[in-house]
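> For reference, the sequence and a predicted model appear below.
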Amino acid sequence: MTGGSGPPLLLLHGYPQTHSIWHRVVPRLVERFTIVATDLRGYGDSDKPPTDDQHAPYSKRAMANDQVAVMRALRHESFFVCGHDRGGRVAHRLAMDHPDAVKKLAVLDIAPTREMYAATNLDFARSYYWWFFLIQPADLPERLIGADPKFWIEWKLAGKASNQKGLGLFDLAALAEYVRCFTPETIGATCEDYRAAATIDLAHDDADGERKLAQPLLALWGATGTVARCFDVLALWRKRAADVRGEPLPSGHYLPEECPDLLVERLFHFFIQTAN
């Protein structure tokens, strides 16, 4: 999906969703930006290529390369990027591997993957159980999720939303789109996304050594979510980026759908109004 006018802004969704997660923020964002909202490799209506023993086709590096190709095809050589959940991890790798392409990046309700795994405790393991379930060898999670994909999606979405709202916060059309796209091929591909995160993505992160992102980074997270409870978000991002700012918003995990107006205001300020 693309539209609007102004500087280009790439929007990247997370698991188990599609670009439809942005439906409450795009109507305002197109007033100031040229919006490009994609489905990540393996998600939505994007391709689901075969994997390999290293999970390389679903590494964040491969996903980031997809996004650069899309933006160049649309004649955007440099751009802003905002990623939620898995999309934030792709945005991180995109900014690291393609520093001339990414001018600024915003990440929503995540800390860096390597640091989150390293700081895992009982609370995080219980709350983010799918980080450890989806990385199990094929095709264990694929078979279990595939037995009732709609139940899995609804259980997953309701569990990470604000406690007061649950599944009711999601627009019915968006929810139906998430379910429609969660085919057997998507289930397998998205498991590979997580398997890559626990293997080849960590190797890529380790290979970065002490190198930090040079671009300004905005971290926003849900005040009532697991990330807020289990991690010092800004401190962890400052291990990976030189210029970090951010704050919690009154939300659970799904900021674009739970607090769209506040999110738009923060993105306008960060991408448009701040000088650096």
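Thanks, I have it.
> Walking through the stretch 101-250 of the chain, point out its helices one by one.
Along the stretch 101-250 of the chain, the stretches classed as helices by DSSP state H, counting those that start in this stretch are 113-118, 122-127, 130-133, 140-146, 149-160, 172-181, 184-197, 200-207, 226-230, 233-237.
> looking at these, which has the lowest confidence?
Note on the helices of the stretch 101-250 of the chain: helix 149-160 shows the lowest mean pLDDT, a mean of 91.
> Counting by contacts, list what that one packs against.
Judged by 3 or more Cβ pairs under 8 Å, 6 or more residues apart in numbering; DSSP states H and E, helix 149-160 is in contact with helix 172-181. To be clear about C-beta, it is placed using only N, CA and C from the backbone, and glycine gets the same treatment.
> tell me what the helix it packs on is packed against?
Secondary-structure packing of helix 172-181 (3+ Cβ pairs under 8 Å, 6+ apart): helix 149-160.
> quick one, the helix it packs on and helix 184-197 angle?
For helix 149-160 against helix 184-197, the angle by axes from the mean of the first three to the mean of the last three Cα atoms, to 10 degrees is 40 degrees.
> who touches helix 149-160?
With Cβ atoms under 8 Å, 6 or more residues apart in numbering as the test, helix 149-160 has contacts from 16, 130, 145, 166-167, 170, 175, 178-179, 182-183, 187, 225-226, 252-254.
> do that again at 7 Å, thanks
Helix 149-160 is contacted from outside by 16, 145, 166-167, 170, 178-179, 182, 187, 225, 252-254, using Cβ atoms under 7 Å, 6 or more residues apart in numbering.
> Among those, filter down to the buried ones and hand me the PyMOL syntax, if you would.
Only the buried entries of those go into this PyMOL selection, using 16 or more other Cβ atoms under 10 Å:
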select buried, resi 16+145+170+178+182+187+225+252+253+254
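> on that earlier part again, out of the helices of the stretch 101-250 of the chain, which gets nearest to residue 245?
helix 233-237 (7.8 Å; Cβ to Cβ).
> CA atoms only: put that closest one into PDB for me.
The C-alpha atoms that make up helix 233-237 are tabulated as PDB, following Å, rounded to 0.1, in the frame of the first residue of the first chain:
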ATOM      1  CA  VAL A 233      13.900  -0.100  26.800                       C
ATOM      2  CA  LEU A 234      15.900   3.000  26.400                       C
ATOM      3  CA  ALA A 235      19.000   1.600  28.200                       C
ATOM      4  CA  LEU A 236      18.900  -1.500  25.900                       C
ATOM      5  CA  TRP A 237      18.500   0.600  22.700                       C
END
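> what packs against that helix?
If you count contacts as 3 or more Cβ pairs under 7 Å, 6 or more residues apart in numbering; DSSP states H and E, helix 233-237 packs onto strand 213-222, strand 241-249.
> How far off centre is it?
Relative to its chain's centre, helix 233-237 lies at 16 Å (Cα atoms, centre = their mean, to the nearest Å).
> Mind listing what's buried along that helix?
So, applying 16+ other Cβ under 10 Å, buried residues of helix 233-237: 233, 236-237.
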